[in-house]
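Engineer: Show me how the following folds:
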Amino acid sequence: MSDKTMTADEAVARLHSGMTLGIGGWGSRRKPMALVRALLRSDVTDLTIVSYGGPDVGMLAAAGRIRKLVAAFVTLDSIPLEPHYRAARERGAFELMEIDEAMFMWGLHAAANRMPFLPVRAGVGSDVMRVTPGLRTVTSPYDDGETFVAMPALRLDAALVHVNRADRLGNGQCLGPDPYFDDLFCEAADTAYVSCERVVDTAELTKEAPPQSLLVKRHVVTGVVEAPNGAHFTSCAPDYGRDEAWQKAYATTPWPEFAARYLKEGS
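Structural biologist: Residues are numbered from 1 along each chain as shown. Presented below is the predicted three-dimensional model:
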């Protein structure tokens, strides 16, 4: 066992252009914004981004870093449609694979279990097969003969997630009401970088929370970044809520102007 702590810039220095990168969180909730900010300061580009999208997707799209996006939605929650994502999509800036939320989850499950695909009912009978023509179906080999969507594995070169607490070994703890599948992002990736509000001793992780809150396991984590307020301006319950003033400024300010401030100040 080793000390995996590093800075956000050191974590991003291990990424390279052309990667498939998974970003945890959900909409505008517990996004690893300190890591996204470091990524935007780098020259890494031509990325395939896999995300339950929020401002992470909007910022990377506005900065021209995305080649392909795999997502079920891109939203700021209190602002239903992410405006910078919308603008980039309307000008055809990147390829989009749009799938159902449950299909997305099973794609992560397939990758985490090193399966090429998993059968799923989600998407059957919907337009998802029309808008994503690369998808295939599979028929049950048993007596039921049911047809399923064969959801391909969402295999990741790297994952970025943010949690409430972590130790130096890579165990990550989620204290909020919803883990948002961050554990699956890490398990589906070749490398995973976990930012956290605070790095604590391993024994402290279970002093005030049950072992079940330790959803991210050290064996799938490559690096740990201590980043207080590292999800800002998205929420990180129970540590803090979404900063609606910052989010509104982000949504209503041209990206170059906002980026000049955000990439420098952060929060």
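
Engineer: how about the nearest residue to residue 171 once chain neighbours are set aside, what does it touch?
Structural biologist: Once flanking residues are discounted, residue 171 sits nearest to residue 218: 4.9 Å by C-beta to C-beta, 6 or more residues apart in numbering. (Each C-beta comes from the backbone N, C-alpha and C, glycine too.) Residue 218 is in contact with 1, 4, 167, 169-171, counting by C-beta atoms under 8 Å, 6 or more residues apart in numbering.

Engineer: how much space is there between residue 218 and residue 3?
Structural biologist: Counting by C-beta to C-beta, to the nearest Å, the gap between residue 218 and residue 3 amounts to 11 Å.

Engineer: do the same with residue 72
Structural biologist: 36 Å.

Engineer: Quick check on the two: which one has the bigger neighbour count.
Structural biologist: Neighbours were counted for residue 72 and for residue 3 using other C-beta atoms under 10 Å; residue 72 has more, 21 against 11.

Engineer: And that one, how far from residue 142?
Structural biologist: Residue 72 is 29 Å from residue 142, by C-beta to C-beta.

Engineer: Now do the helices in the stretch 151-267 of the chain.
Structural biologist: With helices called from DSSP state H, counting those that start in this stretch, the stretch 151-267 of the chain shows them at 182-187, 244-252, 255-265.

Engineer: Which parts of this protein are strands?
Structural biologist: 20-23, 47-51, 66-71, 95-98, 117-120, 136-139, 147-152, 156-166, 172-173, 189-199, 223-226 (DSSP state E).

Engineer: Return the distance of the first one from the chain's centre.
Structural biologist: Right, the one you point to is strand 20-23. Relative to the centre of its chain, strand 20-23 is centred 6 Å away, using C-alpha atoms, centre = their mean, to the nearest Å.

Engineer: who does it touch, helix- and strand-wise?
Structural biologist: The helices and strands touching strand 20-23, judged by 3 or more C-beta pairs under 8 Å, 6 or more residues apart in numbering; DSSP states H and E, are strand 47-51, strand 156-166.

Engineer: Check the gap between residue 236 and residue 18 for me.
Structural biologist: Taken as C-beta to C-beta, the span from residue 236 to residue 18 is 30 Å.

Engineer: Compare those two (neighbour count), which wins?
Structural biologist: residue 236 (26 against 12).

Engineer: residue contacts, that one?
Structural biologist: Residue 236 makes contacts with 30, 162, 164, 176, 197, 230, as judged by C-beta under 8 Å, 6+ apart.

Engineer: Pull the most distant pair out of those residues.
Structural biologist: Maximum pairwise distance in those, criterion C-beta to C-beta, is 14.0 Å, between 176 and 230.

Engineer: Those two: who's more crowded?
Structural biologist: Per other C-beta under 10 Å, whichever of residue 176 and residue 230 has more neighbours is residue 230, with 27 against 16.

Engineer: about what we covered before: between the contacts of residue 236, which sits nearest residue 101?
Structural biologist: Residue 101 lies nearest to residue 30 out of these, by C-beta to C-beta, at 16.5 Å.

Engineer: Against the centre of this structure, work out the most remote residue.
Structural biologist: residue 143 (38.5 Å; C-alpha atoms, centre = their mean).

Engineer: Could you turn the buried ones of the contacts of residue 218 into a ChimeraX selection?
Structural biologist: Typed into ChimeraX, the line below selects the buried ones among the contacts of residue 218, using 16 or more other C-beta atoms under 10 Å:
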select :4,167,169,170,171
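
Engineer: can you list the contacts of residue 218 in a markdown table and add pLDDT and distance to residue 241?
Structural biologist: Formatted as a markdown table, the contacts of residue 218 follow (pLDDT from 0 to 100; distance: C-beta to C-beta, whole Å):
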| residue | pLDDT | distance to residue 241 |
| --- | --- | --- |
| 1 | 64 | 35 |
| 4 | 98 | 29 |
| 167 | 97 | 26 |
| 169 | 98 | 30 |
| 170 | 98 | 27 |
| 171 | 98 | 25 |
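
Engineer: ok so, going back, would you convert the contacts of residue 236 into JSON lines that also reports distance to residue 255 and pLDDT?
Structural biologist: Output for these, formatted as JSON lines (distance: C-beta to C-beta, whole Å; pLDDT from 0 to 100):
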{"residue": "30", "distance to residue 255": "23", "pLDDT": "98"}
{"residue": "162", "distance to residue 255": "22", "pLDDT": "98"}
{"residue": "164", "distance to residue 255": "29", "pLDDT": "98"}
{"residue": "176", "distance to residue 255": "29", "pLDDT": "95"}
{"residue": "197", "distance to residue 255": "27", "pLDDT": "98"}
{"residue": "230", "distance to residue 255": "21", "pLDDT": "98"}
